[in-house]
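Chemist: mind looking at a prediction? Sequence and model below.
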Amino acid sequence: MCLPNKWEQGLACGLVDNDTFTSDTSDREITAIPGFNMWDMVSHPGVVLVTNPLLALASLYTPQQYRLLPFGLLVLQFWNAICYVQYQPGLASFFFLPHDFDWYVGDMLAKAITIVMMHFGVILILEKHKAPPASGSRLAQLQAAYKTLSNFRRIGTNMVAPQVPVLADDPTQVEREKEEDTAPQNNDKNNSNNNNFRSRVGVVHREPRLCFLARRSALTILLLSAEFWLKPLVWAMLINPGYEDYTPDKEAFFRRLPGMSAGQLLREFAIRNQIVFEAFWSAYAVYTAAHAIFAVVCVGIGFDEPHEWPPLFGDIRESYSMRRFWVKFYDRLLYRTLKGCALLIARLVGLIRREGDTDGTLKGYALYVLWLLGIARREDGDDDNDDDAWKVGKGRGEGEPWRRWLLNAIIFAVSAWFHAHTSWWAGWRCAYWPEVGWWATSFLAVIGEMAAQEMMRKWARRLYEKLDSGWIGKAVGFATCIPIIYASL
């Protein structure tokens, strides 16, 4: 049985003794977890919020050959923060929230800590971003450093994450627009002039700061009210779910059909619909609200402009296939971070190579490790982990398509590790492997869908063009995509 309460799991795993596990959650103190008490002070969220940005700034302004020292301290501090989230009760009280929000706060903190740590690793170690030039006032330099460290989606650069809306009058997007618009396209009849770069990724316009702050603040209030006030009322009125609806014996469905009455079948169906809705709505509402809060703070203090905070999620109406669900709708906040980690893994296992590397030799791997540590430099002086510097395959130009899909598989695997581990740290330890399995099946579903489309395009081209040309294809796509997602949960 799943134990969502981290203290119950600590008791079950022997991390907390019976004397420490008291009935009053507000007075619980950890005294029996080895290696934790000595870090109580430095792991406190308030201390982490101050020290981590300072350590990240120190790493950014440190030369590459010495950057590993402040970055190592940053990694240690993040691990201490994860330990704090994992074992410390009453996390919601730090944000002036009731105890009922402990799991939400713990889950958000675990994900935020891991996201930021992975992002800093890609920015400082893999992409090797340098400190901005010392020009202008101290505040201007600090703002430039902040933008370097916090630009998860690389907005305003030529490395902006795919499918992120671009600013209508941003000159830095011209090169990317030209590259994508001149990329080879298929010759289907639906390829029109409207199928260009900006219509595909979307465009954001400049807007007054006060309008942006009011709009995002209203969105935050609306989403949090719907998630924590309206949704429980609706569920209570419609199905009134209880603990007995989620016991392990209810997990199987088809095997229990012969013994179900009509009323039991209707309730089972309602509970499963609730689970599917919760899986996506809660993530959308909570993450969008958190993103909006950060946007209000960063834009409000003047460090960012409104157009630098486009929506976190895309348009759900565009997700009429499994591939489009991940490309068009799901958030692109972590794409560059996850791809950077995937490139590192793929390089170490020999799947890809960097131009100029000595492929497949001990010397090549040694030079790559020294490059990561900042000790060795490339002859062309290119330290950026950009897409053009990586070639898939071994000396075969762009390589075979299966190698690219294998790289995408690594991205999904890193994402699976991220979601499973953060859920485990937040308290849902029984959900680790189901989380990994869900991400694995999602990738396999994308592969299977694209294989079916390719077979239809080759062997039933007229039908393929008819389905791909209008609302009929979208309706078929939704009718196929929704059951796949439903069955996966």
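Modeler: Nice, I can see it.
Chemist: ok, and the closest non-adjacent residue to residue 485?
Modeler: The spatial neighbour of residue 485 that comes closest, neighbours along the chain excluded (C-beta to C-beta, 6 or more residues apart in numbering), is residue 276 at 7.2 Å. Using the backbone N, CA and C atoms, a C-beta is placed for each residue, glycine as well.
Chemist: so which helix or strand takes in the one you found?
Modeler: Assigned by DSSP states H and E, residue 276 belongs to helix 262-300.
Chemist: test my guess that the residue nearest to residue 485 contacts residue 484.
Modeler: No - checked against C-beta atoms under 8 Å, the pair residue 276 and residue 484 is beyond contact range at 11.5 Å.
Chemist: which residues touch residue 408?
Modeler: residue 443 (C-beta atoms under 8 Å, 6 or more residues apart in numbering).
Chemist: residues near the residue nearest to residue 485, how many?
Modeler: Using other C-beta atoms under 10 Å, residue 276 has 15 other residues around it.
Chemist: not counting sequence-adjacent ones, nearest residue to residue 211?
Modeler: According to C-beta to C-beta, 6+ apart, the nearest residue to residue 211 is residue 306 (7.9 Å).
Chemist: give me the phi and psi for that neighbour.
Modeler: Dihedral angles of residue 306 (phi, psi; degrees, to the nearest 10) stand at phi -60, psi -40.
Chemist: wait, it sits on residue 205?
Modeler: No - assessed by C-beta under 8 Å, residue 306 is found out of contact with residue 205, at 9.3 Å.
Chemist: okay, the two: which has more neighbours?
Modeler: The residue with more neighbours, out of residue 306 and residue 205, is residue 306; 20 against 10, by other C-beta under 10 Å.
Chemist: ok, the more buried one to residue 409 distance?
Modeler: 37 Å (C-beta to C-beta, to the nearest Å).
Chemist: got a list of contacts for the helix or strand encompassing residue 143?
Modeler: Using DSSP H and E, residue 143 maps to helix 138-150. Contacting residues not belonging to helix 138-150 are listed as 53, 56-57, 60-61, 120, 123, 129, 131-132, 134-135, 298, 303-304 [C-beta under 8 Å, 6+ apart].
Chemist: how near is the residue nearest to residue 316 when sequence neighbours are not counted to residue 445?
Modeler: Using C-beta to C-beta, 6+ apart and skipping the chain neighbours, the partner closest in space to residue 316 is residue 329 (5.5 Å). Residue 329 sits 15 Å away from residue 445, taking C-beta to C-beta as the criterion.
Chemist: mind listing the helices for the stretch 251-400 of the chain?
Modeler: Ranges of helices in the stretch 251-400 of the chain, per DSSP state H, counting those that start in this stretch, are 262-300, 322-324, 335-348, 362-372.
Chemist: in a markdown table: these, plus mean pLDDT.
Modeler: Shown next, in a markdown table, are those (pLDDT from 0 to 100):
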| stretch | mean pLDDT |
| --- | --- |
| helix 262-300 | 90 |
| helix 322-324 | 86 |
| helix 335-348 | 85 |
| helix 362-372 | 62 |
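Chemist: may I see those helices arranged in CSV, with distance to residue 115 as well?
Modeler: Compiled in CSV, those are given as follows (distance: least, C-beta to C-beta, whole Å):
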stretch, distance to residue 115
helix 262-300, 11
helix 322-324, 24
helix 335-348, 7
helix 362-372, 21
